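Colleague: missing the sequence, but the structure's below:
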């Protein structure tokens, strides 16, 4: 019988060296993300977002990245959700992309800020109608009496707003402005390659180092 302790895989698909990566971690991320897309991985834009509340209690969940550029990594959610409340109390957070088929991870740490209302409006308008209505119907992270109650709220909001619902005031975007980005490539014998970029301020220069696995 196989036990949890017996489960293991030897990674051997690639390697990573500080001499070979881009000097800019965002461009390096773009390269890896493009390779994940080319490999047709299932939901390569899925990531884990980890936050910490005012008491220091961590929580994590998977959601989708919706924008990456020199300013940071953008995602959207309900501001009143658990993650929204935790980000209001403590705006430090981390992201994790895990592309297991490529034996790769990217870990990102930094400070989170809300995007502009205009940026949130633009993305909200691009969502399918059902998702826009759902943002009104769901009091995210709050207790819910039943599935039927949720679907009744969905019908109510659909009847109220029709085909053109406005963006809810409690829903919008966040941008994680990174100060640490680590690229991890699996290697044999658990001697993985880890290249980390770090900087002291949002506009500061990036340092590049190799970390022990």
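Modeller: In hand now; what should we look at? All figures in this text were calculated on a predicted structure; none of them were measured in a lab. Numbers count the residues shown, from 1 in each chain.

Colleague: spit out the contact partners of residue 141.
Modeller: For residue 141, the contacting residues are 78, 80, 81, 82, 83, 85, by CB atoms under 8 Å, 6 or more residues apart in numbering. (C-beta placed from N, C-alpha, C; glycine too.)

Colleague: once you drop chain neighbours, what's closest to the fourth one?
Modeller: Put plainly, it is residue 82. residue 141 (4.2 Å; CB to CB, 6 or more residues apart in numbering).

Colleague: quick one: secondary structure of the one you found?
Modeller: coil (DSSP: H, G, I helix; E, B strand; the rest coil).

Colleague: and if you look at residue 125?
Modeller: Assignment for residue 125 (three-state DSSP): helix.

Colleague: what about it, how many neighbours?
Modeller: 12 (other CB atoms under 10 Å).

Colleague: count of neighbours near the residue nearest to residue 205 when sequence neighbours are not counted?
Modeller: Distance criterion CB to CB, 6+ apart; nearest residue to residue 205, sequence neighbours excluded, is residue 199 at 6.3 Å. Using other CB under 10 Å, residue 199 is surrounded by 16 other residues.

Colleague: what segments of this protein are helices?
Modeller: 25-38, 82-89, 117-126, 129-137, 147-161 (DSSP state H).

Colleague: so what does the strand ranked longest in the chain touch, helix or strand wise?
Modeller: Longest strand in the chain by number of residues (criterion: DSSP state E): strand 171-185. Judged by 3 or more CB pairs under 8 Å, 6 or more residues apart in numbering; DSSP states H and E, strand 171-185 is in contact with helix 25-38, strand 72-78, strand 104-114, helix 117-126, strand 193-198.

Colleague: what's opposite the residue nearest the centre of the chain in the beta bridge?
Modeller: The C-alpha lying nearest the average C-alpha coordinate of the chain belongs to residue 47 (CA atoms, centre = their mean; 4.2 Å). Counting by DSSP bridges, residue 47 is bridged to residue 63.

Colleague: I'd guessed it sits against residue 97; true?
Modeller: Yes: at 5.0 Å, residue 47 and residue 97 qualify as touching, with contact defined as CB atoms under 8 Å.

Colleague: which ones are touching residue 213?
Modeller: Here residue 213 is in contact with 187, 190, 191, 192, 193, 194 (CB under 8 Å, 6+ apart).

Colleague: and it, what's its pLDDT?
Modeller: Note for residue 213: predicted pLDDT of 97.

Colleague: how much space between the residue lying closest to residue 167 once chain neighbours are set aside and residue 86?
Modeller: Nearest non-adjacent residue to residue 167, counting by CB to CB, 6+ apart: residue 124, 4.1 Å away. Noted for residue 124: a distance of 22 Å to residue 86, by CB to CB, to the nearest Å.

Colleague: of these two, which one has the most company?
Modeller: Comparing residue 124 with residue 86 by other CB under 10 Å, the one with more neighbours is residue 86, at 22 against 19.

Colleague: tell me the contacts of the nearest residue to the more buried one once chain neighbours are set aside?
Modeller: Once flanking residues are discounted, residue 86 sits nearest to residue 51: 4.1 Å by CB to CB, 6+ apart. Residue 51 is in contact with 58, 59, 60, 83, 86, 87, 90, 93, counting by CB under 8 Å, 6+ apart.
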